[in-house]
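**Student:** Here is my input, please return the structure:
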Amino acid sequence: MLGNFGPDTGQFLLKTSIGNLGAFVDPLLLQPMRRIVQVGCQGWEVQHMTKIFGWLDFTAILIFLAYNIWFRFVQVPQIAIEDEAKQVTPSHYAVVIDYLPAKIDNQKEYANLLERHILGRLEYVRSRQEEPEDRPSKVAEITFVRNYNRRLSDLKYRAELVQRKQILQKYDRPKKIKRLEKTLNKLNERLAVQLEDEDMLPVLRAFVILSNSTDVRDLLFDYRFAKYTLFRCCQ
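**Tutor:** Got it, this is the predicted structure:
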């Protein structure tokens, strides 16, 4: 800023503030409130220039806000779309299906029935499109997440208890060992229960790999309301 009105505190930033605008004049010649700014060979009173600086400041804020809005809602989504188009990942060909029925009458044919259902929905979606995909729909793979009755976590917990027991035996803690053995016995009884065949276990989730990314997009669009309980009841 042009001027020397601000006190010299040794800080350079003070000279860039509006408080430094104007030249210090001897109070005997000019009242301090009527500061002047030298522009060329003329002197302007600061009060005539503050309006200009105010509008410039307002314009700068508007430009800054407009740039932020453009960057957030135009530039960032555009970069994300371009980046996704350049990189092919498994997610382009896969869908995750939740809220499946855990058990059906023909549990062993769950995968085949789900495959037929998916192909039927894709055929229905294509029948309503003006320019449907030429490539045939195909389910490449279906992987189920099944309910093993917490078997994996129980096995992990049992291994931790066995390790803890060995440590207590080393330090000769019979009372704690006895309590630990009771817990181990209960856990062993639960693990001894034989599970059903894997094909008969309840289904929690399914990962489906399709042959092309268009089918993935169509299937997600067809089930776009499936995350709402009420709409799932209407499907």
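**Student:** make it CA atoms for all contacts and neighbour counts henceforth
**Tutor:** Will do.
**Student:** Quick one: the strands in the protein, in order.
**Tutor:** Ranges of strands within the chain are 36-39, 42-45, 94-97, 139-146, 203-210, based on DSSP state E.
**Student:** in the last one, what counts as buried?
**Tutor:** Okay, so that is strand 203-210. Under the neighbour-count criterion of 16 or more other C-alpha atoms under 10 Å, strand 203-210 has Val203, Leu204, Arg205, Ala206, Val208, Ile209, Leu210 buried.
**Student:** Save the residues you listed as CSV, and put in distance to Ile36 and pLDDT too.
**Tutor:** Converted to CSV, the buried residues of strand 203-210 look like this (distance: C-alpha to C-alpha, whole Å; pLDDT from 0 to 100):
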residue, distance to Ile36, pLDDT
Val203, 82, 93
Leu204, 78, 92
Arg205, 76, 93
Ala206, 77, 95
Val208, 76, 95
Ile209, 75, 95
Leu210, 75, 94
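**Student:** Which of those sits closest to Arg179?
**Tutor:** Leu204 (35.1 Å; C-alpha to C-alpha).
**Student:** Let me see the contact set for Pro101.
**Tutor:** Contacts for Pro101 (C-alpha atoms under 8 Å, 6 or more residues apart in numbering) come out as Val203, Leu204.
**Student:** Distance of it relative to Asp215?
**Tutor:** Pro101 sits 23 Å away from Asp215, taking C-alpha to C-alpha, to the nearest Å as the criterion.
**Student:** Please identify the most buried of the strands of the chain.
**Tutor:** strand 203-210 (a mean of 19; mean count of other C-alpha atoms under 10 Å).
**Student:** Against which helices or strands is that strand packed?
**Tutor:** strand 94-97, strand 139-146 (3 or more C-alpha pairs under 8 Å, 6 or more residues apart in numbering; DSSP states H and E).
**Student:** Right, I'll call it a day here.
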